[in-house]
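Engineer: 3D model of this:
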Amino acid sequence: MNVINRKFRGVVLLAVMMLVMTVMAGCGGNNNAAPSAEPSAAASIEPGASATTEPAAEPVTVKLQLKWVPQAQFAGYFVAQEKGYYAEEGLNVEILPGGPDIVPEQQVAGGSADIGVDWVASLLTSQEQEMPLVQIAQIFQKSGLVLVSKKEAGISTPADLKGKKVGNWMGGNEFEILALFDKYKLDSNKDLNFTKQGFTMDQFLGGEIDAASAMTYNEYQVVLESGIPAADLNVIDMNTEGVAMLEDNLFANKEWLAENKETAAKFVRASLKGWKDAIADPEAAVDSVMKLAEAGSTTKEHQLTMMNEVAKLILPEGFDSSKMGYTDAASFQQTADIALKFGVIKTASKVDEAYTNEIVEMAGK
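Structural biologist: You can find the predicted model right below:
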């Protein structure tokens, strides 16, 4: 009886061992390797098999509406895009060029874009019209607007503008100049001839106007490139005169922002990174610009000069670079005050609602 039991147990044991080996073979194990308790992370997935890890999240699309056509004024965004800074943040950024018939505020308010670039005075006007917009970053910390005149015109100080013909593009660009007149008690209708200026510097170069409005990064450079040396020019700087208004900013639709603060912060963080690179390496930044600029519309030399001048507005001398993108309360208030005084807006701006530094602060974390 014991012998039979031993034989029976042996048969059972052999059967169990064969069953275990069959199961292991059916599992596709490697007969030359020791079995592993956990599947290898590097194991290849057969075609048609489903992965056990979560699929990569789709990038979030953000549409940026520029104030004007591609040029060095917007180089930081092009650099951020080309270097993959937006992609690193999980964003797919579409940069939409501006133009004479495009109002960034309208595009953002209407949902055609998520974030826009414009001057603060224009934003204030749109906010008064009850467009649901809020400023989320201030890119230019100083105004780039100056009045330029030939020394032969005898305009050494703003007081010398009396009796002269002074040009400006108008259409919302004239308010700093009007504030300058007001500071020096000059009536633009009686004490001087305040006239509409074209978008070229031909009137100034041809002697049709005595003092012309110019942006330091564009029209002023056109004058120099025309052959007139800086030594033969007088310049009145709106910053020095204390009548400067804030210019290039970033703003968003309030409703979009309420649901996309993290996305906005990622966009601002990548954009500021792009601007820092553009300022550190202006030639590379201009290369990025020239790839997008309309053929024949500009030169690399002009764009390089523009980039260098724009850098002075984003990071003025003595400015704390860690504050890039922040909106300065005093500068914003000055802009709002000038806008109110000269009719850009009819009622005082609710400054505490007009801008926020929350997004820039989030971007810095």
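
Engineer: dihedrals phi and psi, Ile236?
Structural biologist: As for Ile236, its main-chain torsions (degrees, to the nearest 10) stand at phi -110, psi 120.

Engineer: okay, now it: neighbour count?
Structural biologist: 21 (other C-beta atoms under 10 Å). Just so you know, the C-beta spots here come from the backbone N, C-alpha and C atoms, and that holds for glycine as well.

Engineer: the nearest residue to it once chain neighbours are set aside bridge partners, please.
Structural biologist: Spatial nearest neighbour of Ile236, excluding adjacent residues (C-beta to C-beta, 6 or more residues apart in numbering): Leu147 at 4.2 Å. Following DSSP bridges, Leu147 is listed with bridge partners Ser213, Ile236.

Engineer: what's the pLDDT at Leu147?
Structural biologist: At Leu147, the pLDDT value in this model is 98.

Engineer: hang on, it packs against Lys164?
Structural biologist: No - applying C-beta atoms under 8 Å as the test, Leu147 and Lys164 come out as separate, 9.9 Å apart.

Engineer: what residues are shared contacts of these two?
Structural biologist: Taking C-beta atoms under 8 Å, 6 or more residues apart in numbering as the criterion, Leu147 and Lys164 both touch Ile155, Ala211.

Engineer: endpoint to endpoint, stretch 130-148 covers what distance?
Structural biologist: Chord length of stretch 130-148, first to last residue, is 36 Å (C-alpha to C-alpha, to the nearest Å).

Engineer: ok, now which ones touch the residue nearest to Ile236?
Structural biologist: Leu147 neighbours (C-beta under 8 Å, 6+ apart): Ile155, Pro158, Leu161, Val166, Ile177, Leu180, Ala211, Ala212, Ser213, Ala214, Val235, Ile236.

Engineer: quick check: the first one vs Ala231, distance?
Structural biologist: As for Ile155, its distance to Ala231 is 15 Å (criterion: C-beta to C-beta, to the nearest Å).

Engineer: returning to what we had before: can I have the buried ones of the contacts of Leu147 as a ChimeraX selection?
Structural biologist: Restricted to buried positions by 16 or more other C-beta atoms under 10 Å, the ChimeraX selection for those reads:
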select :155,158,161,166,177,180,211,212,213,214,236
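
Engineer: in JSON lines: the contacts of Leu147, plus distance to Ile136.
Structural biologist: Output for those, formatted as JSON lines (distance: C-beta to C-beta, whole Å):
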{"residue": "Ile155", "distance to Ile136": "39"}
{"residue": "Pro158", "distance to Ile136": "34"}
{"residue": "Leu161", "distance to Ile136": "37"}
{"residue": "Val166", "distance to Ile136": "35"}
{"residue": "Ile177", "distance to Ile136": "28"}
{"residue": "Leu180", "distance to Ile136": "29"}
{"residue": "Ala211", "distance to Ile136": "35"}
{"residue": "Ala212", "distance to Ile136": "33"}
{"residue": "Ser213", "distance to Ile136": "28"}
{"residue": "Ala214", "distance to Ile136": "29"}
{"residue": "Val235", "distance to Ile136": "32"}
{"residue": "Ile236", "distance to Ile136": "32"}
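
Engineer: save the contacts of Leu147 as CSV, and put in pLDDT and distance to Lys312 too.
Structural biologist: As requested, those are arranged in CSV below (pLDDT from 0 to 100; distance: C-beta to C-beta, whole Å):
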residue, pLDDT, distance to Lys312
Ile155, 98, 23
Pro158, 98, 22
Leu161, 98, 25
Val166, 98, 24
Ile177, 97, 21
Leu180, 97, 20
Ala211, 98, 22
Ala212, 98, 20
Ser213, 98, 18
Ala214, 98, 15
Val235, 98, 14
Ile236, 98, 17
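
Engineer: all strands for the chain, in order.
Structural biologist: 60-65, 91-96, 115-116, 133-138, 145-150, 165-168, 193-196, 211-215, 233-237, 249-253 (DSSP state E).

Engineer: just the mean pLDDT for the last one, thanks.
Structural biologist: Per-residue pLDDT over strand 249-253 has a mean of 98.

Engineer: what packs against that strand?
Structural biologist: Contacts defined by 3 or more C-beta pairs under 8 Å, 6 or more residues apart in numbering; DSSP states H and E place strand 249-253 against helix 104-109, strand 115-116, helix 120-128, strand 133-138, helix 261-280.

Engineer: point out the most buried one among the strands of the chain.
Structural biologist: Highest mean neighbour count among the strands of the chain (mean count of other C-beta atoms under 10 Å): strand 115-116, with a mean of 29.

Engineer: I'd like to know which elements that one is packed against.
Structural biologist: For strand 115-116, the packing partners by 3+ C-beta pairs under 8 Å, 6+ apart are strand 60-65, helix 104-109, strand 249-253.

Engineer: would you mind giving these as a markdown table with distance to Gly207 added?
Structural biologist: Shown next, in a markdown table, are the helices and strands packed on strand 115-116 (distance: least, C-beta to C-beta, whole Å):
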| stretch | distance to Gly207 |
| --- | --- |
| strand 60-65 | 38 |
| helix 104-109 | 35 |
| strand 249-253 | 36 |
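
Engineer: which of the ones you listed sits closest to Asn357?
Structural biologist: Of all these, it is strand 249-253 that lies closest to Asn357, at 11.9 Å by C-beta to C-beta.

Engineer: the closest one pairs with which strands, and in what direction?
Structural biologist: Strands that pair with strand 249-253, judged by DSSP bridges, come out as strand 115-116 (antiparallel), strand 133-138 (antiparallel).

Engineer: now do that strand: everything it contacts.
Structural biologist: By C-beta under 8 Å, 6+ apart, strand 249-253 touches 104-105, 108-109, 111, 114-120, 123, 132-140, 264, 268, 271, 325, 327.
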